[in-house]
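>>> Quick one, structure for this:
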Amino acid sequence: MNRNTILGTLGVGVLLILMGIVSQEEAGSLSKIQHNSTPDKLVATKTNTEIKMSQLIDAHNRFGFNLFTRIQSQKSSQNIVISPSSIAIALAMTRNGTSSETLREMTEVLQLNQLEATTVDASYLKLIETLKTADSDVRLTIANSLWVNQNIALKDRFIDNAKNFYQAEVTNLNFVNSKAKNTINNWVAQNTANKIPTIVDSTSPEDALYLINAIYFKGIWTNKFDPNSTTEQPFYTEPNTSKPKKMMSQTGDYRYYGNERFQAVRLPYGKKEELSMYIFLPRETSNLEQFNQQLTNGNWQEWLSQMRSQQGNITIPRFKLEYETELKNVLAALGMNMIFDRSLADFSQMTDTSVAVDTVKHKTFIEVNEEGTEAAGVTSTGIRITSAAPQDRPFTMNVNRPFFFAIRDDVSESILFMGNIVEPG
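Modelled structure (predicted):
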């Protein structure tokens, strides 16, 4: 099949971090922190660093679930879609510019404190390269960029790390020029197939730097849904409140797990089945809010380990939605405070100019239809090692009420996207 003819089978996540220039009056205690910071910060090298990608991915996923739990607790009745990988990569790139307590806070919130300092960046490089490896039915791209106020000088080591380990493009711009935002937005649109055409509303001389990560996925289901089997059925946003939605159905063998609280199924993408979507549907006696309270990295790993190949019938809604959120307050609530504090933020490994993070904006787009959707990977070995037990009866899973989904790369086990769908768009 010509990949250009595959429609609506994609997911996109973009994270923007805006750093603003701090005035001398606001930077009261910054000089003291810089004076006490360690100048000989360890810098990773690709040649002598042991790659510990599995530890990094575990940190990634723990951070992602912590972040999602905080967001959904404030927006339990809304659709939520985030890309924890996009957020973590952009923040990790930013972290390389920090020192002292600012570095410690970012390291702890990103769950990187269990990793050796010299392995982090090289592990990110390996992760990015792994995630971008897919079969002909799957397109997965990761792009990073730094957009720098032409009046700001970034330190060579920070730039080198961004380029060498995060494959980032670095561009100087005149932020006084109103067209600067167009240059940045054009890059975002190009790297998201125009699904997210804008991320920057305006630029200012007080803006120091924009750090941006974009993740784009496009692929088709390993077993596509037959459009002739799609029918309009009720989707229950509340137990006694329903709206008609286009529902897709198929029968086959799936990795499946069910207990008294929820049902879970895995839907793979592509010929290699290295990317998959996982759908978790709370039982009618439970609800999505109760499920979210149990959503931790430990439980996630346990649930996936319980999945077995089983015959069944699934019905899931078609949906397309956009999501946007400001993560500043959420990250601060998790313990990442100093990067936003204009008197305490220490970015002395990035620039000699006093700067602080002003905005952390996250945008996502997802579309799910009969051809495919946003994806997460599953190794072919993991897919086939367990066959259905003879006593297993065919299951029925009708996703006609609010549910949780995650898109995972099972080669690396890194979660690319996760979200609550309260009402399909």
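>>> Pick out the residue closest to the middle of the chain.
Computing the C-alpha centroid of the chain and ranking residues by Cα atoms, centre = their mean puts Ser83 first, at 1.9 Å.
>>> Tell me who's in contact with that residue.
Taking Cβ atoms under 8 Å, 6 or more residues apart in numbering as the contact definition, Ser83 lies against 11, 13, 15, 215, 362, 364, 416-417. No exception for glycine: its C-beta is placed from N, CA and C like everyone else's.
>>> Now it: phi and psi?
Phi and psi for Ser83, reported as degrees, to the nearest 10, are phi -110, psi 100.
>>> quick one: secondary structure of Phe302?
Heads up, residue 302 is Glu, not Phe. Of the three states, Glu302 takes helix under DSSP: H, G, I helix; E, B strand; the rest coil.
>>> All the helices of the stretch 101-250 of the chain, residue numbers only.
In the stretch 101-250 of the chain, the segments counted as helices under DSSP state H, counting those that start in this stretch are 120-131, 156-166, 180-191.
>>> ok so, going back, the residue nearest to the centre of the chain and Leu416, how far apart?
Going from Ser83 to Leu416 by Cβ to Cβ, to the nearest Å gives 6 Å.
>>> same deal with Leu110?
17 Å.
>>> Also Arg308?
24 Å.
>>> So for the two, which residue has more residues nearby?
Leu416 (27 against 14; other Cβ atoms under 10 Å).
>>> Against Leu125, how distant is that one?
To Leu125, Leu416 is 17 Å away according to Cβ to Cβ.
>>> State the mean pLDDT of the helix ranked longest in the chain.
For the chain, the helix with the greatest residue count under DSSP state H is helix 53-74. Confidence for helix 53-74, expressed as mean pLDDT, is 93.
>>> before we move on, the earlier item: I'd like to know which of the helices of the stretch 101-250 of the chain is closest to Ser54.
helix 120-131 (8.9 Å; Cβ to Cβ).
>>> Can you name every helix or strand that that closest one contacts?
Helices and strands touching helix 120-131, by 3 or more Cβ pairs under 8 Å, 6 or more residues apart in numbering; DSSP states H and E, are helix 53-74, helix 84-95, strand 138-149, helix 156-166, strand 414-421.
>>> does Tyr370 count as helix, strand or coil?
In this structure residue 370 is Glu, not Tyr. Looking at Glu370 with three-state DSSP, the answer is coil.
>>> heads up, I number from 31, so please use that
With the count now opening at 31, the last piece we talked about shows up as Glu400.
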